[in-house]
Structures are given as C-alpha cells and as structure tokens.
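Participant: Provide a 3D model corresponding to the input given below.
(4 chains)
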2 protein chains.
Amino acid sequence: MRAPEELTERFRNLGLKVTPQRQGVFQALWGDDSHPTAEAIWGRVRETMPTVSLRTVYQVLNDLTDLGEINTVRLGSSPVRFDPNIDGHDHFVCEQCSRVFDVHAHAVVDLPEKHYPGFEVAATQIVFRGFCPDCARISAAAH
Amino acid sequence: MRAPEELTERFRNLGLKVTPQRQGVFQALWGDDSHPTAEAIWGRVRETMPTVSLRTVYQVLNDLTDLGEINTVRLGSSPVRFDPNIDGHDHFVCEQCSRVFDVHAHAVVDLPEKHYPGFEVAATQIVFRGFCPDCARISAAAH
DNA sequence: AGTTAGTCAACAATACTTGTTAGTTGACAG
DNA sequence: CTGTCAACTAACAAGTATTGTTGACTAACT
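Facilitator: Sure, this is the predicted structure:
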C-alpha cells in the first residue's frame, strides 16, 4: 500500500474524508508485515485512540481492500488477515504458532494448458506450511 | 481415501462401529472430486437416509480427517470443503462460480534456504485462481 | 458556518461449526 | 441371542468472525 500521506491524498481526491480513525488505521498498517487480523489492528489503533470501534476498523479495512491498497489473506481457519504488501509474493504459515511470513519463492509454476483446456489462470498462489525458525528450535530442543 | 469396504474394515479394526450413517458418508465421498461441503454431503446421504442429522455428518467427516482418510480444504471465505483425494495435487478455484478443481501443476518450487534460514517446509500448496472453462465461456460470450 | 460523511454505541443477524443434554437405537462381542 | 455401550437423533446453546442497522452526535471539508 501507499504511505499514509499518499493515502490521505488519495482519499481526499476521492471525496472521502480523512478522519483520525482512518489515519490511525493507515499508520497501523504502514510497514507491517505480520499480516494482522482486524482485531490486532484495532488493538494498535486504540493505543492512541481508545474510543475507536472495531466496526469502524473493519469499515476502513474493507475500504482499503476495495481501493486495492491492501490484500486480504485467508489461510486455514483463522480470521481474515490483512496484508499491506500488494507486490507479488508468497506466504509461509507456521503450523505451530500460526504466524504468516512473507516469502519470495523460487518457483516455476505452470498449469499445463493441454490437460486443462479453457482454464484461465489469473493468479497463482504459493503457500508453504511447516515450522518457522522459532518453533523449529523449540521442537528440536524438546528432544 | 480408501474404498468404502476398506474403510469399513479399518473402522472395525479400530473398534469403531460401522453404522449406516458412517457408510452413507463413505459412499457419498467415494470418487467425489468436487470438494463438497459438509452440507452437500449431508444432502447426498439424506437421499437414501432421510433422517441422518447434519451433526452426525460433521462428526464422521471429522473422524475421517483425524484418521487421515480425507483432507480439509479451506480456500477463500467459503465453508470448509472435504477432499477424499489425499495424493499430492493442486487446486484451481474459479473466481466466478467458486468451484474447486483438482489439478496437477508443473511446478518447481523452492523456498531459498539462504534467505529463509531455519524455516522447515513440510508442505507446499499451489492454488490457481481464475475462470473455469464454463465461466470463461460465459464471460467471453458477454462481449 | 453549514452540510453531510463518518463515527459511535448497542444491538441484531448471518453463516458455519462445535458443544451439550437426554433419550433411543442398534452394532458387535461373548 | 442377548447385553452393553458406542453412536445417533433432536433440539438447543454457544462461539467465532463479520456485516447490517439505527439514531444520535461530531467534525471534515466546501
């Protein structure tokens, strides 16, 4: 996503008001690569704005998604996570702690046209599952 | 997953009773590659056993999952889907009709150890998104 | 300074899934 | 063949995540 200042400008250009709540969410997301849930963002915004409602946070997140500024990430049964990184990248999900990491895989992926005629691939998503370094260390130490 | 008869035997060996409800779910899943939801399976079992409860279907599906006979597939915001195909394979999700197809991708995927030290990859999942042949045809005809 | 979008609070509602209870049935072992 | 206990049903509650709604209030922009 764009920097908070640029988002401010974009919202204004679109005729949307730049409220402290919206700016709070911009700030909370900016540079975050931890794929926070709506609740997590809410918690962060509340630190400086204790009265903000979860409803509003959801609102803003959906607005940003509609504008293409952020992506939603749904992996497993957990709640939706929000990803301000909209460049092409892959994900690693830790099966232990459920954290999601941005990764760049070396991948050559192809859906063979010959066997799947008529399928129009718009996006390819790679998800790795396993243990993150922290959890791998702990599980190794358990021996 | 195994054939219904083999599952029957496995359940019996494990001391689990082979009830008509369980067999109904075995049958409903056998050879199904449409990634049905719990409700869909329920509907199918009810055709021959109208009194079966959704609760029981969930129960049996979870049992089968625990036994590793089937996989759960969570893609997007739809309810959990169940996949009797537990061989390594990939998925194609139609963004229009939400159907899920089993596919075998040509893929060479690698998480570069060098950049991600300590990450232990247990599984790699590839998901294609786009239009399935049916929906591609309809959207093309709309022009 | 006025208009109106945005927000809040509080609550309802949705969808999916699991928990719980109590009463009944029927699969299997002996 | 029969007793036992796992399994099933029905009916309901609960839980999680998310969105809808309403009415009153606030404050951002023109």
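Participant: wait, what's in contact with the residue sitting nearest the centre point of chain A?
Facilitator: Residue closest to the average C-alpha location in chain A (Cα atoms, centre = their mean): residue A:83, at 1.7 Å. Contacts for residue A:83 (Cβ atoms under 8 Å, 6 or more residues apart in numbering or on different chains) come out as A:35, A:70, A:71, A:72, A:73, A:102. In this view, the C-beta of every residue, glycine as well, is placed from N, C-alpha and C.
Participant: just residue A:139 next, same as before
Facilitator: Residue A:139 is in contact with A:96, A:131, counting by Cβ under 8 Å, 6+ apart.
Participant: pretty sure it is in a strand, no?
Facilitator: No. Checked against DSSP: H, G, I helix; E, B strand; the rest coil, residue A:139 lies outside a strand; its state is helix.
Participant: Quick check: it vs DNA strand C, distance?
Facilitator: Distance of residue A:139 to DNA strand C, computed by Cβ to the nearest atom of the strand, to the nearest Å: 25 Å.
Participant: Please name the residues that touch residue A:32.
Facilitator: For residue A:32, the contacting residues are residue A:84, by Cβ under 8 Å, 6+ apart.
Participant: Up against DNA strand C, what does chain A have?
Facilitator: With Cβ under 7 Å from any atom of the strand as the criterion, chain A meets DNA strand C at residues A:16-17, A:19, A:21-22, A:49, A:51-53, A:55-56, A:59-60.
Participant: Buried ones among those residues?
Facilitator: Buried members of those, scored by 16 or more other Cβ atoms under 10 Å in any protein chain shown, are A:21, A:22, A:52, A:56, A:60.
Participant: on that earlier part again, how about the residues of chain A next to DNA strand C in JSON lines, adding secondary structure?
Facilitator: Supplementary listing: these in JSON lines, determined by three-state DSSP:
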{"residue": "A:16", "secondary structure": "coil"}
{"residue": "A:17", "secondary structure": "coil"}
{"residue": "A:19", "secondary structure": "coil"}
{"residue": "A:21", "secondary structure": "helix"}
{"residue": "A:22", "secondary structure": "helix"}
{"residue": "A:49", "secondary structure": "coil"}
{"residue": "A:51", "secondary structure": "coil"}
{"residue": "A:52", "secondary structure": "coil"}
{"residue": "A:53", "secondary structure": "coil"}
{"residue": "A:55", "secondary structure": "helix"}
{"residue": "A:56", "secondary structure": "helix"}
{"residue": "A:59", "secondary structure": "helix"}
{"residue": "A:60", "secondary structure": "helix"}
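Participant: Pick out whichever of those residues sits closest to chain B.
Facilitator: Using Cβ to the nearest Cβ, residue A:59 comes nearest to chain B of those, at 17.7 Å.
Participant: residue contacts, the closest one?
Facilitator: Neighbours of residue A:59 in contact, by Cβ under 8 Å, 6+ apart: none.
Participant: Quick check: mean pLDDT of the helix or strand harbouring residue A:63?
Facilitator: Element membership for residue A:63, per DSSP states H and E: helix A:54-66. The average pLDDT for helix A:54-66 rounds to 97.
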